[in-house]
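build me a model:
(2 chains)
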Amino acid sequence: MAEKRKLRDAWLHAGIPVKPVYGPDDIRRLDYHRDLGEPGEYPFTRGIHPEMYRARLWTMRQYVGFGTPAETNARFKYLMAHGQDALNVAFDLPTQLGLDSDDPRAEGEVGRVGMAVDSLADMEEAFDGIPLDRVSVSLTINSMAAPITAMYYAVAAKQGAAPERVVVTPQNDILKEFIARGTWVYPVEPSLRLVGDLIEFSTRRYPRANPVSVCGYHIREAGCTTAQEMAYGLAIAAAYAELMLKRGLPVDDFAPRISFNFTCWGKIFEEVAKFRAGRRLYARMLHERFGAKNPRSWMFRTLIGGGGSAFTVQEPENNIVRGAYIALTAALSGAQTMALPTYDEAYTIPSAKAQLIALRTMQICAEESGAADTADPLAGSYYIEWLTNEMEKKIREELAQVDRLGGIVEAVKSGVIQAEVARQAYLFEQKLLSGEIPKVAVNCYPGDAGAGEARELEVYSFDPKVAAAQVAKLNRLRRERDNSAVERTRARLRDEARGTANLMEPILEAVKAYATLGEIASALKEVFGEHKEPVAV
Amino acid sequence: MGAHKLRILIAKPGLDGHDRGAKVVAQALRDAGFEVIYTGLKRTPEEIVREAVQEDVNVVGLSVLSGAHLPLATKVLAGLTAAGATDIAVVVGGIVPEADVPALKAAGVEEVFAIGTPLDRIVEAFRARAHALESGG
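A predicted model of the protein is given here:
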C-alpha cells in the first residue's frame, strides 16, 4: 500500500492556517443577509455597488511622475492616449517634504522619484491641456497635502472648472507617514490639524473631492501583515472621523468622501477575504460607532494597488505575471480604482514601456478575463466565506491591540506601531530565507538568478539637467513675482497658524501669490516645529 | 578570544523615508551578535559622520532607495576622512544599479548590497569583517 504523503503546510500572511478542503460545516453560522447582504447593500461585504463592474469598470490610475512638470505632463498624456482614464501623481521627495528645488537638502533628489513642484507655476504646467473638470486626479502627497491641493484647486479655478466638478483625491494621510513612509515634517498634533483643515475646507467647498485617502498600502509595504494593514487603516480612518466630529462636522457631511488606498499581493483568496471583511467592518463602524445614516458614509471605497514589495529584481519579467495575478485579485476584491506596479518597479523609475504593460494588464483583466462580468464572483465559496470570517476575527484582534495602546495616534507617537511593523518585516524576511514563503527565481527554482550573474536591466537614467532646469525656473519666478505680496501672505499664514483657524484660506492666498512650497512650509515650521521620530527597531 | 564585537551604525541619509530594509538589516545584524545603532530617517551626511565618530563604530551602513546613493556616500566618506576616521568602513545598501557599483567602490565604499541581496549574505559579510578585525587584518 502506498504510504500517504505528508501534507504540505499552508499558512496565510495573517497567520491563519489553511486546511486542504472546506465544506458547509465551515460556514454553518453564516447568515446571508446579516453577514453579506446583496452587493451595494449594507454591510457591503459583496461590494459597494449593486452591479459592480457591469455598471462601471474600475478606474485605471497608474502612479506617474518624474523629472519636471513638463515631462510628467507628457507621460500623463501618453497613458491617457492608451486608455488610462485617471491620474495619480508622484511628487519628488523635496516636494513631499516642503523643500524648494534649490534647498541644499534637495541636492540629488530633485525630480528623481516624482515630479518637482516649487510653486503654482509648476502645477499649471503639469496639468496643462488636462481638463480638471473631467479628469479625476490623485495627489500622492501627505505632509504637504494642504498647499499642494491648494495649488491644484487654484489651477482648476484658472482652467474655469467649477468646484463641484473637481474630483481630486489628495492622499493627506499623515498617520500612515509616521508609521511607514516617512515623509512627515511637523509634529503629530499640528500635522493632524492640517489633515483636518483640508478635509473640512474640501467638504464645504469641493463636494466631489476625496480629501483623505487612508493608506493601509504603505504600512503593508513596510512590513505588516494583511490583517494589520486593514486594522491600522480602519483605526486611522476612525481617528480622522473623530477629528472631524470634534470640529463639529456632522458625520454624514464628511464620511461619504473618505476613501482608501490598499495594497494586494501574495495569496489571492486571503486578499479577497481581507477586502470583504474590511468593507463589512467599516460599514459597521460608521453605522454603529459613528452613527452615520447616509449609506454612502458606510461605503469603503478603495484604490487597490499591487505592492512593489511583491516584485523581484531577479528575472524582472516574472513581475509581469505577478502583476496579472494582482490585477485579477484586485478585481475579485471589488476595487473602485486600480494601479499596478510596473515590472521594473523593484529597481528603477518605470519606463514608458513598463508603464504601458501595467496599464494593458489591467485592461486585459477588465475586458478579456471575465473578472468584471459579475459582482463578487467568489461569494458562497466555502473557503472564501470561511476566510472572510477568519480575517474579520484577526482584524478585530489587531484593532483591539491598537485600542490597548491608547488608539492609533498614541501608538504612533510612542513608536510602538512602527516597531511592530519593523518586527513583522524581519519575520517576513526570515521566512523568505527559510523558504517558508516561496518566491520563484529567488528562493525556489533559482536558476541563474541566485548565482550573482550580471543582469541586463533597463534602468531609468536620471538626468542632472532636470534639477538645473527646475532651479532656473524657480529663480525666474522669484524675480518676476511680487515678493512683497508673498511676504504678506506668509506673515498672515504664520499668524493664523498660531491660532486655531482653518489654514486653507491663508495657504490658498499664498499659493495664488506664487509663494513657493518651501516658503509656505517653512512659515508653518516656524510655528509648528519639526517632528522628532521615535526610532524603534 | 571571542569574535570581535563589531559596532555598526545603520543610517538613512537623504530624504527617502522607506526604511524597511534598513530596519530589517539592523535586526538581522543584532541577532547575529553585533552592536547596531539605527539613527532614523533623513540624516545629513554631517550628522552621520558625527554619530559614527561619537559612537566609535567600525562600520557605517548607508541605506538609500532614492537613487541619490553616489553623492550621499561620497559626502559621508569625505566627512569621515576629514574627521580622521578613515578606519570606519562604509557600506551601501538599497536600490543601486550595477552600473553605479564601480563608481561607489572608487569613491571608497567597501561593499554594496543592492536590492535582492539575501539577508544571510549581508550578515556573512559583516562576520567576515569581524574576523578580519580580530586577526588584525
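
parallel or antiparallel, list what pairs with the helix-or-strand element of chain A with minimal mean pLDDT.
Within chain A, no helix or strand scores below strand A:63-64, which has a mean of 89 by mean pLDDT, DSSP states H and E. Paired neighbours of strand A:63-64 in the sheet (DSSP bridges): strand A:86-90 (parallel).

pull the residues that contact the partner strand.
By Cβ atoms under 8 Å, 6 or more residues apart in numbering or on different chains, the residues outside strand A:86-90 that reach it are A:59-66, A:72, A:76, A:80, A:113-115, A:126, A:130, A:135-141, A:303, A:337, A:339. From N, CA and C alone the C-beta is placed, and that goes for glycine too.

next SSE after it?
helix A:93-96 (DSSP states H and E).

so that following helix, near chain B or not?
Yes. Residues of helix A:93-96 are located near chain B by Cβ under 8 Å from any Cβ of the partner chain, namely A:93-94, A:96.

for that helix, the averaged confidence score.
Across helix A:93-96, pLDDT averages out at 97.

and for stretch A:27-45?
97.

repeat for stretch A:117-124
Rounded mean pLDDT across stretch A:117-124 is 98.

tabulate the CA atom coordinates of stretch A:62-80 in PDB.
This file holds the C-alpha atoms of stretch A:62-80, laid out as PDB (Å, rounded to 0.1, in the frame of the first residue of the first chain):
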ATOM      1  CA  GLN A  62      -1.300  54.300 -12.800                       C
ATOM      2  CA  TYR A  63       1.100  56.200 -10.400                       C
ATOM      3  CA  VAL A  64       3.100  58.500 -12.500                       C
ATOM      4  CA  GLY A  65       5.600  61.400 -12.000                       C
ATOM      5  CA  PHE A  66       9.200  62.100 -12.600                       C
ATOM      6  CA  GLY A  67      11.500  64.900 -13.600                       C
ATOM      7  CA  THR A  68       9.900  68.300 -14.400                       C
ATOM      8  CA  PRO A  69       6.200  69.000 -14.500                       C
ATOM      9  CA  ALA A  70       6.500  69.300 -18.300                       C
ATOM     10  CA  GLU A  71       8.000  65.800 -18.600                       C
ATOM     11  CA  THR A  72       5.300  64.400 -16.300                       C
ATOM     12  CA  ASN A  73       2.600  66.100 -18.300                       C
ATOM     13  CA  ALA A  74       3.900  64.400 -21.400                       C
ATOM     14  CA  ARG A  75       3.700  61.000 -19.700                       C
ATOM     15  CA  PHE A  76       0.200  61.700 -18.400                       C
ATOM     16  CA  LYS A  77      -0.900  62.400 -22.000                       C
ATOM     17  CA  TYR A  78       0.800  59.300 -23.300                       C
ATOM     18  CA  LEU A  79      -1.000  57.000 -20.800                       C
ATOM     19  CA  MET A  80      -4.300  58.700 -21.400                       C
END
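
pick out the residue of the stretch 101-250 of chain A closest to chain B.
At 2.0 Å from chain B, A:Gly182 is the closest residue in the stretch 101-250 of chain A, using Cβ to the nearest Cβ.

give me the beta-bridge partners of B:Ile10?
On DSSP bridges, the residues paired with B:Ile10 through beta bridges are B:Tyr38, B:Gly61.

check contacts around the closest residue to chain A within chain B.
Nearest to chain A, among the residues of chain B, is B:Gly17, at 2.0 Å (Cβ to the nearest Cβ). Residues near B:Gly17 by Cβ under 8 Å, 6+ apart: A:93, A:177, A:181-184, B:41-42.

point out where the chain drops to low pLDDT.
I'll assume chain A. Applying pLDDT under 70 to chain A picks out residues A:1-5, A:448-461, A:536.

if you could check chain B rather than the one you did, that'd help
Using pLDDT under 70, chain B drops low at B:1-3, B:137.

my understanding was that A:Ala510 contacts A:Ile520; is that so?
Yes. At 5.2 Å, A:Ala510 counts as touching A:Ile520 under the criterion of Cβ atoms under 8 Å.

shared neighbours of the two, anything?
Contacts common to A:Ala510 and A:Ile520, judged by Cβ under 8 Å, 6+ apart, are A:147, A:490, A:493.

tell me the most packed of the residues you listed, by neighbour count.
A:Pro147 (31 neighbours; other Cβ atoms under 10 Å in any protein chain shown).

wait, what's in contact with that one?
A:Pro147 is in contact with A:98, A:507, A:510-511, A:517, A:520-521, counting by Cβ under 8 Å, 6+ apart.

ok, of the residues you listed, which one's closest to chain B?
Nearest member of the contacts of A:Pro147 to chain B, counting by Cβ to the nearest Cβ, is A:Gly98, at 10.7 Å.

where does the closest one land in three-state SS?
Three-state assignment for A:Gly98 (DSSP: H, G, I helix; E, B strand; the rest coil): coil.

now the terminal residues of stretch A:61-74, how far apart.
Distance between the boundary residues of stretch A:61-74 (Cα to Cα, to the nearest Å) amounts to 16 Å.

go on, stretch A:80-95?
End-to-end distance for stretch A:80-95: 24 Å, by Cα to Cα.

and the closest residue to chain B within the stretch 201-350 of chain A, helix, strand or coil?
In the stretch 201-350 of chain A, the residue that lies nearest chain B is A:Val313 (3.9 Å; Cβ to the nearest Cβ). Three-state call for A:Val313 (three-state DSSP): coil.

what sits closest to it if chain neighbours are left out?
In space, and not counting its chain neighbours, A:Val313 is closest to B:Gly116: 3.9 Å by Cβ to Cβ, 6 or more residues apart in numbering or on different chains.

what's near enough to touch the one you found?
B:Gly116 touches A:312-314, A:346-347, A:442, counting by Cβ under 8 Å, 6+ apart.

and those, which two are the farthest apart?
Within the contacts of B:Gly116, two members stand farthest from each other by Cβ to Cβ: A:Tyr347 and A:Val442, at 13.7 Å.

and these two? Which one has more around it.
A:Tyr347 (23 against 20).

element containing the more buried one, please.
With DSSP H and E as criterion, A:Tyr347 is part of no helix or strand.

so it touches B:Glu98, yeah?
No. With contact defined as Cβ under 8 Å, A:Tyr347 does not count as touching B:Glu98 (9.8 Å).

sort out which residues of the helix or strand harbouring A:Ala237 are buried, please.
A:Ala237 belongs to helix A:226-246 when assigned by DSSP H and E. Within helix A:226-246, the residues scored as buried using 16 or more other Cβ atoms under 10 Å in any protein chain shown are A:226-241, A:243-244.

just the CA trace of it, in CSV.
C-alpha atoms of helix A:226-246 as CSV (Å, rounded to 0.1, in the frame of the first residue of the first chain):
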residue,chain,number,x,y,z
THR,A,226,-2.7,41.6,5.8
ALA,A,227,-4.8,41.8,8.9
GLN,A,228,-2.7,44.6,10.4
GLU,A,229,-2.9,46.5,7.1
MET,A,230,-6.7,46.5,7.3
ALA,A,231,-6.8,47.1,11.1
TYR,A,232,-4.4,50.0,11.0
GLY,A,233,-6.2,51.5,8.0
LEU,A,234,-9.6,51.3,9.8
ALA,A,235,-8.0,52.7,13.0
ILE,A,236,-6.6,55.7,11.1
ALA,A,237,-10.0,56.3,9.4
ALA,A,238,-11.6,56.3,12.8
ALA,A,239,-9.0,58.8,14.1
TYR,A,240,-9.8,61.2,11.2
ALA,A,241,-13.5,60.8,11.8
GLU,A,242,-13.1,61.6,15.5
LEU,A,243,-11.0,64.6,14.4
MET,A,244,-13.8,66.0,12.2
LEU,A,245,-16.5,65.3,14.8
LYS,A,246,-14.5,67.3,17.3
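
tell me how far that helix lies from the chain's centre.
Computed by Cα atoms, centre = their mean, to the nearest Å, the separation of helix A:226-246 from the middle of its chain amounts to 14 Å.

is that helix in proximity to chain B?
No. Residues of helix A:226-246 contacting chain B under Cβ under 8 Å from any Cβ: none, with a closest distance of 13.8 Å.

please list the members of the contacts of B:Gly17 that lie in helices.
Members of those lying in helices (criterion: DSSP state H): A:Leu93.
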